[in-house]
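Peer 1: I would like the atomic coordinates for the input below:
(one chain, ligands or ions: 1)
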Amino acid sequence: MKKSKIYDVPASIAKEAYINTEKYHTLYKRSIENPDAFWAEQAKEFITWFTPWKSVQSGDFDTLDIRWFSGGKLNACYNCVDRHLKQRKDKIAIIWQGDDPNETLTLTYAELHEKINRFSNVLKNLGVKSGDRVCIYLPMVPEVAIAMLAVARIGAVHSVVFSAFSSDSLKTRILDADCKLLITADEGIRGGKTNPLKKQADKALEKCPNVKQVIVVKRTGGPVPWNKERDVWYHEALQQASSECPAEKLDADSPLFILYTSGSTGKPKGILHATGGYLVYAAITYKYVFNYQEKDIYWCTADIGWVTGHSYLIYGPLLNGATTLMFEGVPHYPTFSRFWEIVDKHQVTIFYTAPTAIRALHKQGDQWVKSTSRKSLKLLGTVGEPINPDAWEWYYRVIGDKRCPIVDTWWQTETGGILITPLPGATPLKPGSAGWPFFGISPDIVDEQGQSVEAGKTGNLIIKKPWPGLMKTIYGDQERFKETYFKTLPGNYLTGDSAERDEDGYFWITGRNDDIIKVSGHRIGSGEIEFILNSHPGIAESAAVAAPDEIKGNSIYAFVTTKSGVQPTQALEKELIQKVRDEIGAHAIIGTIQWAKDLPKTRSGKIMRRLLRKIASDELTDLGDTSTLADPGVVDDLIADKEKM
Ligand code: WT7
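Peer 2: Predicted coordinates for the structure are as follows:
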């Protein structure tokens, strides 16, 4: 059983918290026992509907035709922006902090509204229609928010691709969603280094004949290749467009966005979120998890290319009429004080980041923090991977001066919003635990047969009932949607994570139990890596697994077998690492390659990854059942080779 210190709710937060412990339990019980009434109330509070819904929820995890707020009509952009104009037109919606510490920009709700309207007309003039997919390959600039919301305004579907992805990854995603138009920038800039986005986009588009138009944001002014028939400058098009574009009235069930994420197999999955349910869920979780108050300055450091950037940089905060800070740069540039200097400069009150960033900054020592004030901070959050108690304590003690609760929020691209989390004011904190389920969420921990396991035992984390934030489907592949999440334990949503629950009902997420590797919180499929390694002419086969890493949480550890006659050299090792980086993107760096004469396989030829994970992690005392191995000697060889490395 996980044991830990308990931190009571700090007095400063308890005073202004929406939810206390008792209220949490009452509301939670109600949300589970009477979900329709609960979600109907939330949908009314957080969303302006053009037409009210007829039924709150229909369908279940057996039939998988789940719908939320059927019959209702709404618009995501209207709810993020127009809805606030009466009360908050001069309130700052977005603070943008450039990579260069001297470059800052703000957009009020009224200014954001005007820019979105113009850009919506640009899109319309270029022929984008309701339901069309638009790919957004932009760095962290305000235009990324404008673009997403404009796409949503006209009823099209955005597919944002992380700007560190390679042209190859971009191409795959554009083709899978059959995007019609691409929005990119000349170059991105992070940590003082430029990233040639337009050039990469051009390369991707060589293989994407259906993309007829490219809109280019001028970020650095660097030289770019230009195709007169196809390319349009963002700023020029914006100037010419009218500033009035009514928001489309869309069905609650209509698609809002596609966001690609890694699965176990090679091909990334286009996670599709529908409008109504997603928005209600993003809005309510934002308010209660961050205890959001009107005057807060909120900063989420996630890139817009990941789901955290969607739900908690744009949609959640803007739906609540908040001020959200967008940061173009990195935590270590120009110095390791960067995050805390930004907190001071913009008087940030709520700060949400990833454990990997905390660990990396912790390692640099307290002096980088102590030189800053951080007095404005009220609440801290983490997301993306388990946070080790050591890093948690440092975050709490040094960054938050023991004044700020930490919300360790567990969720996934597929879940749309936070599912398991402490609520500030309600949940006494246990470092390393993600706390209790959010309202309406029914998690359980079960064994391979689907039986609940007792407290203190590890098992598969599942969710038993639908909630509004859950993805609609995998774009273009309902079969894969069923197979991946609902086949192993029918009637439940399978998260792919292992977890345990302690006697106080706290959830402790222990990591993935499928073939997804979390590196610095980024999700990478072992299948994607293996596909690239195996396509090298010198490679016979490979298996990529996670190995523990002090800073990144995990690193990629690849066992690779060369073809006969091919020497495993250092040069080849370098080449393979580069190949994976080139084909996936800058975040996919293999940490270790171990050459293998053979891989451990069952008699039916399946690679036993479980064993490889143990070898990569140096957990050699208990290898478990190896009786189904075709040749047990392979494992001994791998262990012996590893010791020599
Ligand atoms: C996977 C989902 C959720 C937004 C960003 C990542 C891991 C996420 C936590 C946490 C332990 C966590 C899980 C999950 N994860 N948050 N607080 N504690 N693990 O979204 O890329 O879809 O990854 O991230 O393994 O399944 P994602």
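
Peer 1: which other helices and strands contact the lengthiest helix in the chain?
Peer 2: Using DSSP state H to define each element, the chain has its longest helix at helix 109-125. Under the contact criterion of 3 or more C-beta pairs under 8 Å, 6 or more residues apart in numbering; DSSP states H and E, helix 109-125 touches helix 85-88, strand 92-97, helix 142-153, helix 234-240. All C-beta spots, glycine's among them, are computed from the backbone N, C-alpha and C.

Peer 1: Do I have it right that residue 385 meets residue 518?
Peer 2: Yes. Judged on C-beta atoms under 8 Å, residue 385 makes contact with residue 518 at a distance of 4.9 Å.

Peer 1: Mind listing the shared neighbours of the two?
Peer 2: Here residue 385 and residue 518 have 511, 553, 554 as joint contacts, going by C-beta atoms under 8 Å, 6 or more residues apart in numbering.

Peer 1: follow-up on the earlier one: what's the longest helix of the chain in contact with?
Peer 2: Residues from elsewhere that reach helix 109-125 (C-beta under 8 Å, 6+ apart): 77, 81-82, 84-85, 88-91, 93-94, 107, 134, 145-147, 149-151, 153-154, 156, 181, 215, 232, 234, 237-238, 241-245, 321.

Peer 1: Can you name the element that comes right after it?
Peer 2: Next along the chain after helix 109-125, taking DSSP states H and E as the criterion, comes strand 133-137.

Peer 1: what's residue 193 sitting at in phi/psi?
Peer 2: Dihedral angles of residue 193 (phi, psi; degrees, to the nearest 10) stand at phi -110, psi 140.

Peer 1: and it, how far is that from residue 333?
Peer 2: Residue 193 sits 9 Å away from residue 333, going by C-beta to C-beta, to the nearest Å.

Peer 1: sorry, back to before: so which of the helices and strands packed on helix 109-125 gets nearest residue 584?
Peer 2: Ranking the helices and strands packed on helix 109-125 by distance to residue 584, with C-beta to C-beta as the measure, places helix 142-153 first at 21.2 Å.

Peer 1: dump the residue contacts of residue 7.
Peer 2: Applying C-beta under 8 Å, 6+ apart, the residues near residue 7 are 396, 405, 428, 429, 430, 431.

Peer 1: what does residue 587 give?
Peer 2: Contacts of residue 587 (C-beta under 8 Å, 6+ apart): 162, 164, 519, 520, 522, 524.

Peer 1: coming back round to it: return only those of the contacts of helix 109-125 found close to the ligand.
Peer 2: For the ligand, no contacts are drawn from the contacts of helix 109-125 by C-beta under 6 Å from any ligand atom.

Peer 1: Quick one: buried ones out of the residues you listed?
Peer 2: 77, 81-82, 84, 88, 91, 93-94, 107, 134, 145-147, 149-151, 153-154, 156, 181, 215, 232, 234, 237-238, 241, 245, 321 (16 or more other C-beta atoms under 10 Å).

Peer 1: Surely residue 430 is in contact with residue 507?
Peer 2: No. Between residue 430 and residue 507 there is no contact under C-beta under 8 Å: 10.1 Å.

Peer 1: Can you report phi and psi for the residue of the stretch 351-500 of the chain found nearest the ligand?
Peer 2: Closest to the ligand within the stretch 351-500 of the chain is residue 413: 3.4 Å, counting by C-beta to the nearest ligand atom. Backbone geometry at residue 413, expressed as degrees, to the nearest 10, gives phi -50, psi -40.

Peer 1: now do residue 362
Peer 2: The phi/psi pair for residue 362 (degrees, to the nearest 10) is phi -60, psi -40.

Peer 1: Looking at residue 193 and residue 333, which is more packed in?
Peer 2: With neighbours defined as other C-beta atoms under 10 Å, residue 193 and residue 333 compare such that residue 333 has more, 15 against 11.

Peer 1: mind listing the strands in the stretch 351-500 of the chain by residue range?
Peer 2: Secondary structure of the stretch 351-500 of the chain by DSSP state E, counting those that start in this stretch: the strands cover 379-383, 406-409, 420-421, 436-437, 443-446, 459-463, 473-474, 493-501.

Peer 1: Spell out which residues of the stretch 401-550 of the chain are next to the ligand.
Peer 2: When proximity is defined by C-beta under 6 Å from any ligand atom, the stretch 401-550 of the chain lies next to the ligand at 408-413, 434, 495-497, 509, 512, 518, 523.
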